[in-house]
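Colleague: Sharing a model prediction with you, sequence too.
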Amino acid sequence: MPFKHNASRRHCIGKMKFRVTNWAEYEASLRRRGSLTLWITPEAQSSWQAPKRTTRGGQPRYSDLAIETALTLGLVFGLRLRQTEGFLTSLLKLIGLDLAVRDHAPEPSCK
């Protein structure tokens, strides 16, 4: 029986040390824990698009900041690339920003 496996050591498990005395504040903190707040500074908005290249080659569409933001959000929330693309698109739409979100597919190479 699994519950009898640690029966000889059960007395070593300590009692709860902290008691919640202010339930209203505790419940409010739990609600705030589920809140998602995202700030995008004006500097980040202006550097969202990649700068034009001065050398030969195709023009990049997205800056390193845009790519790192998308990958960081995907990593934090455990999302795949398509899910991250949709999540970031909906966040930017909710904020009211008209910024392009990097497509999850690799860019086709010109031959």
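Modeller: That came through, no problem. Residues are numbered from 1 along each chain as shown.

Colleague: so who does Ser29 touch?
Modeller: By C-beta atoms under 8 Å, 6 or more residues apart in numbering, the contact list for Ser29 is empty. Glycine gets a C-beta too; all of them are placed from N, C-alpha and C.

Colleague: For the residue nearest the centre of the chain, give its distance to Trp48.
Modeller: Centroid-nearest residue in the chain: Leu73, 2.6 Å away (criterion: C-alpha atoms, centre = their mean). Using C-beta to C-beta, to the nearest Å, we find Leu73 at a distance of 14 Å from Trp48.

Colleague: go on, Arg19?
Modeller: On the measure of C-beta to C-beta, Arg19 and Trp48 end up 48 Å apart.

Colleague: Of these two, which one has the most company?
Modeller: Trp48 (18 against 5; other C-beta atoms under 10 Å).

Colleague: okay, the helix or strand bottoming out on mean pLDDT in the chain in CSV with CA atoms only?
Modeller: Within the chain, no helix or strand scores below helix 23-33, which has a mean of 84 by mean pLDDT, DSSP states H and E. Extracted C-alpha coordinates of helix 23-33, given in CSV (Å, rounded to 0.1, in the frame of the first residue of the first chain):
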residue,chain,number,x,y,z
TRP,A,23,-8.7,35.8,3.7
ALA,A,24,-9.9,38.8,1.7
GLU,A,25,-6.3,40.0,1.1
TYR,A,26,-5.1,36.4,0.4
GLU,A,27,-7.9,35.8,-2.2
ALA,A,28,-7.2,39.2,-3.8
SER,A,29,-3.5,38.3,-4.1
LEU,A,30,-4.4,35.0,-5.8
ARG,A,31,-6.6,36.8,-8.3
ARG,A,32,-3.7,39.3,-9.0
ARG,A,33,-1.4,36.3,-9.5
